[in-house]
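> have a look at this fold, sequence not included:
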């Protein structure tokens, strides 16, 4: 009987040992890996530094926005903002030639304060007190990145210059998609967006995961955004290597996009930066 008892104990100990070895050698889940990389200040700062040194203005601007959202008061975030301003003035890039297209700080508003106030009435304002910029959204647009949505927004400088219209797509759910492509069907017309891996922001918490991407509305994208806003039916497919998520835009979402685009135009939104015709 004692021998049988010792055998059971020995067998249980062996199982415990094997289980411990498996747990010790488990690879971190994708969620843990993504969360760590997205939330790392040093990682984002070093990425921004690489973009600054290589003269990649658009990528630097994108990383700067991520830093501002996650670490608005950190000195490294402010340093990246300085780099962005310098690079804008020195480098030709996709959103305009800095030698011919002045930044919002170098131009005057094209509409009076009263006209701008009237145009922006009804929109939701979010202030960035560090950069002295305000961002304007439709009232119905998501206030949080962990919600499924697609919308447009733009910024206003402290001097009242309206600029930088953007189009943003957000996915949220229980599982990662690891989005590397967006396919948009607007009344049968297909548009495709293939972002770089680093251009899609990913994060998670105990309630789920989310991934989002945004791009400037310029001469290459304004036609797509207009057609999305005015289509009867719009489906946005967010695709990864092994799965995808389809989002059908509601009438409210499309009307919100129309309203923001019209407000941008009525407020005298700049067209010189991105060479767009609103």
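Everything's here; your move. Quick caveat, the model's predicted, so the values are computed rather than measured.

> can we go C-alpha only for contacts and neighbour counts from here?
Will do.

> ok, longest strand in the chain?
strand 162-173 (DSSP state E).

> give the rounded mean pLDDT of that one.
The predicted model gives strand 162-173 an average pLDDT of 95.

> distance between stretch 185-200 and the chain's centre?
14 Å (Cα atoms, centre = their mean, to the nearest Å).

> now the longest strand of the chain: buried residues?
162-167, 169-173 (16 or more other Cα atoms under 10 Å).

> please apply the same query to stretch 40-52.
So, applying 16+ other Cα under 10 Å, buried residues of stretch 40-52: 41, 44-45, 47-49, 51-52.

> just how off-centre is that stretch within its chain?
With Cα atoms, centre = their mean as the basis, the mean position of stretch 40-52 lies at 17 Å from the chain mean.

> what of stretch 67-75?
15 Å.

> compute the first-to-last residue distance for that stretch.
End-to-end distance for stretch 67-75: 11 Å, by Cα to Cα, to the nearest Å.

> now do stretch 235-251
12 Å.

> avg pLDDT for it?
97.

> what about it, distance to the chain center?
16 Å.

> show me which residues of it are buried.
Neighbour-count burial for stretch 235-251 [16+ other Cα under 10 Å]: 235-239, 247, 249.

> which of those residues fall in strands?
Reading strands off the buried residues of stretch 235-251 with DSSP E, I get 235-239, 247.

> which residue ranges of the protein form helices?
Using DSSP state H, the helices of the chain run over residues 2-24, 30-39, 41-54, 57-70, 75-90, 113-120, 222-230, 251-266.

> which other helices and strands contact the last one?
Helices and strands touching helix 251-266, as assessed by 3 or more Cα pairs under 8 Å, 6 or more residues apart in numbering; DSSP states H and E, comprise helix 113-120, strand 149-157, strand 162-173, helix 222-230.

> let's see 7 Å
On a contact count with 3 or more Cα pairs under 7 Å, 6 or more residues apart in numbering; DSSP states H and E, helix 251-266 meets helix 113-120, strand 149-157, helix 222-230.

> give me the angle between the shortest one and helix 251-266.
Inter-element angle recorded for helix 113-120 and helix 251-266: 170 degrees (by axes from the mean of the first three to the mean of the last three Cα atoms, to 10 degrees).

> what's the answer for the last one, then?
If you take the same axes, to 10 degrees, helix 222-230 sits at 130 degrees to helix 251-266.

> what does the second one give?
In this structure, strand 149-157 runs at an angle of 20 degrees to helix 251-266, with the same axes, to 10 degrees as the basis.

> could you give the angle of strand 149-157 to strand 234-239?
Using the same axes, to 10 degrees, strand 149-157 lies at 100 degrees relative to strand 234-239.

> outside of strand 149-157, which residues touch it?
104, 132-137, 141-142, 162-171, 257, 260 (Cα atoms under 7 Å, 6 or more residues apart in numbering).

> for residue 84, which residues are in contact?
Residues counted as contacts of residue 84 (Cα under 7 Å, 6+ apart) are 57, 60-61.

> can you pick the most crowded of these?
Neighbour tally across those (other Cα atoms under 10 Å): the maximum, 26 neighbours, falls on residue 60.

> ok, that residue touching residue 50?
No - assessed by Cα atoms under 7 Å, residue 60 is found out of contact with residue 50, at 8.5 Å.

> where does the stretch 151-278 of the chain dip in pLDDT?
For the stretch 151-278 of the chain, the stretches with pLDDT under 70 are 271-278.

> at 50 what do you get?
The model of the stretch 151-278 of the chain has pLDDT under 50 over residues 272-275.

> what's the distance between residue 262 and residue 76?
36 Å.

> so these two - more neighbours on which side?
residue 76 (20 against 15).
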